[in-house]
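J.: Fold the stuff below for me.
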Amino acid sequence: MRDSFKRPFSIAGTKEWSIFGENQSEYRIYVYIPDTPAPEAGYPVLYLLDGNAVFGSAVEGVRMDHYTYASYEPAVIVGIGYPTDKPFDFKRRFWDYTIHATNDESPDGMELPEVGGASQFLRFIEDKVKPEIARTVPVNPVKQAIFGHSLGGFFVLHTLFNHPECFQTYMAGSPSIWWKNRYLMKKVEDFCNGQIQLGGQKALYMAVGSEELPYMAEDAEAMHKCLSSPNSPLLKVDFKLFEGEGHLSILQPMLAKALDYFLRKKDDLVSL
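T.: From the prediction side, this is the model:
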């Protein structure tokens, strides 16, 4: 009986390899390639931060849809994770997903680990991960999305307001808008005042849980209100409050809705 458990579990259509970033830091890259032919324009690509934690769920969501309703466009799913068997590498994500901040710029003056590597991490995605995916499969360069949660949500929003050309769809779950004394709210003001140009149509989907710390939901709702101004026609903004969900429990239902948001065919839309 014991011998029957020796074969490791895997998901059909997935691959895994390592890519090294600056300072030879290793990342574990997970890739799902559908078994349906690529569209003429190439596959849409969804990039997932915290890939160790969410890649499997996202892939199975896509595979189940293709097996039943086929309401999603065939897409490549890319999880960007770390060389660990745990769902999160807290030390490295604090570095990769943030801009520099000091202890007195954090809630209650909490002591921060090493932070501030967001620019370096974005270069890694743009210069190493994306080209490797494009060498592997045909991709649609104008249908690319990024998903992040918590500090990953901060990174998603930071990228939208500083490098909007990198993706067309941005999805931020429980974003850490509090980072660096709510730095992102100043970026929102700059955007709404016309000081930030998106360079084309973009979409933003934000979500929080009703059971999170009060300021998490308040900050996200305030950002949604600001960004929903008619003065920003190039940014489509959607927001959802998940009742009964906390900071971690929101991750799975929000991920499921994110797949709908990015991949559901236009003639088969459902309410978020």
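
J.: Name the SS class of the spatially most central residue of the chain, please.
T.: Nearest to the geometric centre of the chain sits Phe147, at 1.3 Å (C-alpha atoms, centre = their mean). Per DSSP: H, G, I helix; E, B strand; the rest coil, the secondary structure class of Phe147 is strand.

J.: ok, it - contacts?
T.: 46-49, 54, 58, 156, 171, 173, 255, 258 (C-beta atoms under 8 Å, 6 or more residues apart in numbering). From N, CA and C alone the C-beta is placed, and that goes for glycine too.

J.: at 6 Å what do you get?
T.: 48, 171, 258 (C-beta atoms under 6 Å, 6 or more residues apart in numbering).

J.: Helices of the stretch 51-200 of the chain, start to end?
T.: 51-67, 90-96, 118-124, 130-136, 151-162, 179-192 (DSSP state H, counting those that start in this stretch).

J.: ranking these by burial, who's on top?
T.: With neighbours taken as mean count of other C-beta atoms under 10 Å, those reach their highest mean count in helix 151-162, at a mean of 24.

J.: circling back: is the residue nearest to the centre of the chain in a bridge, and if so with what?
T.: Bridge pairing for Phe147 (DSSP bridges) gives the partners Leu48, Met171.

J.: Same question for Tyr72.
T.: Arg264.

J.: shaky segments in the stretch 151-272 of the chain?
T.: 230-231, 266-272 (pLDDT under 70).

J.: nearest spatial neighbour of Ile11, skipping sequence neighbours?
T.: Using C-beta to C-beta, 6 or more residues apart in numbering and skipping residues adjacent in sequence, the residue nearest Ile11 is Val59, 5.5 Å away.

J.: Now do the phi/psi pair for Leu204.
T.: For Leu204, the backbone dihedrals (degrees, to the nearest 10) come out as phi -130, psi 130.
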